[in-house]
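Undergrad: Provide a 3D model corresponding to the input given below.
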Amino acid sequence: MRAIFIWQRIISPHMAGLATALVDLGMEVVYVAERTMSESRARQGWSPSDLGGARLELVSNAEAVRALIATAPYDSIHLCQGIRDNGFVKIAQRELARRRLSQWVVMETVNDEGAQGLLKRFIYTTLFWRWCRSLSGVLAIGLRTPDWVVARGMPRERVFSFAYFLPDWRFSSVSSRNEHGPYRIAFVGQLIARKRVDLLIAAVSRLVSRDVELVVIGNGPQQDELRAQAESLIPGRIHWKGRLPIEAIPQELAQADCLVLPSRFDGWGAVVSEALMVGTPVVCSDACGSAEAVLASGVGGVFPSGDVNALTALLGKMVEQGRLSTQKRQELAHWAISVFGARAGARYLLSIIEHIEGRRERPVPPWRAESCSLREAASEAGL
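TA: Numbering: from 1, shown residues only. Predicted coordinates for the structure are as follows:
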């Protein structure tokens, strides 16, 4: 039974499902973290995730990291969170390189806007030049991340499109809303400037149809400002639900006709995967890593980040076409679970490892290999 080590700063619900699914496929999984949860994530409604049969190891210092790696089998696989600003994981990466064990970098899209972006590109180019020989490969999460990593100097043949794969069971018993009432648009996330909820409120206010409501789930420092904007532009058509436990989000998404993630930047945006896995179409900006998932779904759409006119036009088209039928939602959910569920992710990861080890052809990401049956219908409808 081969060992896979997952090195994260905290237990992430976006990686815990993958760990559990790998165990189900017969792998020994060791999940290594500094602590179970951070204060900032707890405030967002996160809670420590069930790791199933994976073994949890909490390490608090460099000595503990080195001691754990000393016990790792020579053929073990190590998935490491990022390559920069990753705390004790950096210590692990150095020790793994010293022992010449197989290590992979798992990373999201990097925000490289403005002058700081120039500096980030330089830093990452330097880091990949330094670490390239020690890495088996990079699992690049997000639409633009693979090309960005290659541009920083990592050989393309060792860069693989990846995603966050969520526990399949979380979505199996979720029921969608009935087909009555106003067209419901949902936002889930922090109320901070980067998420651009102000852009979403402005776009909803410009829609020709007034039979539209907006549901906002989350809290943050922009809450009062956004409430004032909504009261001015869409009074009586917005519902503020505040922060909810992460376990409650799928059912809330199932009650929406569309999820919108209008962020100025998001490394991935797991709520997009969650929405698709309950059959809810998604609209997001092209600055969200999860635009990869939206484009693959064939429904919803992607708009240029910050462009309120493009967002308004896209939402207007969706409202005009009407909500998906129950059958179409079920088809969308089935497809999304089959490609973004943890079991699909675990199988895809193992096929990547087999490819790098010369035992199979390069695998196609599951969301590209399995086309969504809604694509043709969505294309005909102009969505």
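Undergrad: Leu214: which element?
TA: Secondary structure assigned from DSSP states H and E places Leu214 in strand 212-217.
Undergrad: give me the sheet partners of that strand and which way each runs.
TA: When pairing is defined by DSSP bridges, strand 212-217 lines up against strand 183-188 (parallel), strand 238-242 (parallel).
Undergrad: so Glu331 is in which element?
TA: Assessed by DSSP H and E, Glu331 sits inside helix 326-340.
Undergrad: packing partners of the very next helix or strand once past that helix?
TA: Next in sequence after helix 326-340, counting helices and strands by DSSP H and E, comes helix 342-356. Where contact means 3 or more C-beta pairs under 8 Å, 6 or more residues apart in numbering; DSSP states H and E, helix 342-356 is packed against helix 13-24, strand 135-141, strand 159-162, helix 366-369. (Each C-beta comes from the backbone N, C-alpha and C, glycine too.)
Undergrad: what comes up buried for the first one?
TA: Put plainly, it is helix 13-24. 13-23 (16 or more other C-beta atoms under 10 Å).
Undergrad: who touches that helix?
TA: With contact meaning C-beta atoms under 8 Å, 6 or more residues apart in numbering, helix 13-24 is reached by 4, 6, 8, 29, 31, 46-47, 49-54, 106, 164-168, 170, 246, 268, 270, 341-343, 345-346, 349-350.
Undergrad: okay if I get the buried residues of helix 13-24 as TSV plus distance to Ala293 and pLDDT?
TA: Converted to TSV, the buried residues of helix 13-24 look like this (distance: C-beta to C-beta, whole Å; pLDDT from 0 to 100):
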residue	distance to Ala293	pLDDT
Pro13	17	82
His14	13	83
Met15	17	91
Ala16	19	91
Gly17	15	92
Leu18	16	95
Ala19	21	95
Thr20	21	95
Ala21	18	95
Leu22	21	97
Val23	25	96
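Undergrad: per-residue confidence at Ala115?
TA: For Ala115, the pLDDT comes out at 85.
Undergrad: in a helix, it, correct?
TA: Yes. Assessed by DSSP: H, G, I helix; E, B strand; the rest coil, Ala115 belongs to a helix.
Undergrad: count the residues that sit near it.
TA: 7 (other C-beta atoms under 10 Å).
Undergrad: against Arg121, how distant is it?
TA: 11 Å (C-beta to C-beta, to the nearest Å).
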